[in-house]
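> Could you look at this predicted model? Sequence included:
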Amino acid sequence: MSKRKRTFLLAFALALMVAVAAAQVPATLAYFTDVDRAEMNGVVDLAWKTEIHEKVVDNNKHVTIENTGDTDVVVRVAVYAGTNVSVSGEDWTSKDGWWYYGKILAPGETTSELLAEVIAADMPQTDFNIVVVHESSRVVYENNTTLKKPAGWALVPEVK
């Protein structure tokens, strides 16, 4: 094959590849520039809602959780404070850094009080916070007698 013929075939192949690539540009641009708008006229409801109620009395924090949703829930609370704070509550159990409420919370019900109490009488007069974080999860049964633990939870109440 002559050098001239080889150059012509190479140029023809290159031109063919450019033409094929150019033909794909509109499809590619359509992929990257396509826009679709959606409107939502409804309300998204996760079916469970809880509210935390915190009351500070004499530098002690009194915490309750209220189920304001439409379904039964389980509740846990984490309390972040210094070493001079003691946490306690009836129906509450401490495990893995969380305080788990020992009963299923029905809609409209409120937990018993969890108390974060300052225990050092000689504590310096400085500002500090007792930070309370709560989580709740919808009650899901594995069978009629056992609750399914939410992911990452160590405890759930026993079904009675």
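Nice, thanks for sending it over.
> use CA for all of it now, contacts and neighbours both
Noted.
> Give me the pLDDT value at Ala81.
Ala81 is assigned a predicted lDDT (pLDDT) of 84.
> burial count for it?
Neighbours of Ala81 under the rule other C-alpha atoms under 10 Å: 17.
> list the contacts for it?
Asn129, Ile130, Val131 (C-alpha atoms under 8 Å, 6 or more residues apart in numbering).
> cool, and Ala116?
Contacts of Ala116 (C-alpha under 8 Å, 6+ apart): Asn60, Lys61, His62, Val63, Val79, Val85, Ser86, Val87, Ser88, Ile130.
> Okay, and the beta partners of the fifth one?
The one in question is Val79. Listed by DSSP bridges, the beta-bridge partners for Val79 are Val132.
> per-domain residue ranges of the chain.
Following automatic domain parsing, one finds the domains of the chain at 1-33, 50-147.
> which phi and psi does the nearest residue to Ile130 once chain neighbours are set aside have?
Leaving aside its sequence neighbours, Ile130 sits nearest to Ala81 (C-alpha to C-alpha, 6 or more residues apart in numbering; 4.8 Å). As for Ala81, its main-chain torsions (degrees, to the nearest 10) stand at phi -160, psi 180.
> for this structure, what spans make up the strands?
All strands of the chain, identified by DSSP state E, fall at 50-57, 60-67, 73-80, 85-88, 92-95, 98-101, 114-118, 131-138, 141-143, 146-147.
> what angle sits between the first one and strand 131-138?
Orientation note: strand 50-57 sits at an angle of 150 degrees relative to strand 131-138 (axes from the mean of the first three to the mean of the last three C-alpha atoms, to 10 degrees).
> again with the second one
Using the same axes, to 10 degrees, the interaxial angle of strand 60-67 with respect to strand 131-138 works out to 20 degrees.
> List the residues that contact the residue nearest the centre of the chain.
By C-alpha atoms, centre = their mean, the chain has its centre lying nearest to Glu135, at 8.5 Å. With contact set as C-alpha under 8 Å, 6+ apart, Glu135 has these partners: Val75, Arg76, Val77.
> sorry, back to before: out of the contacts of Ala81, which end up buried?
Among the contacts of Ala81, the ones that count as buried by 16 or more other C-alpha atoms under 10 Å are Ile130.
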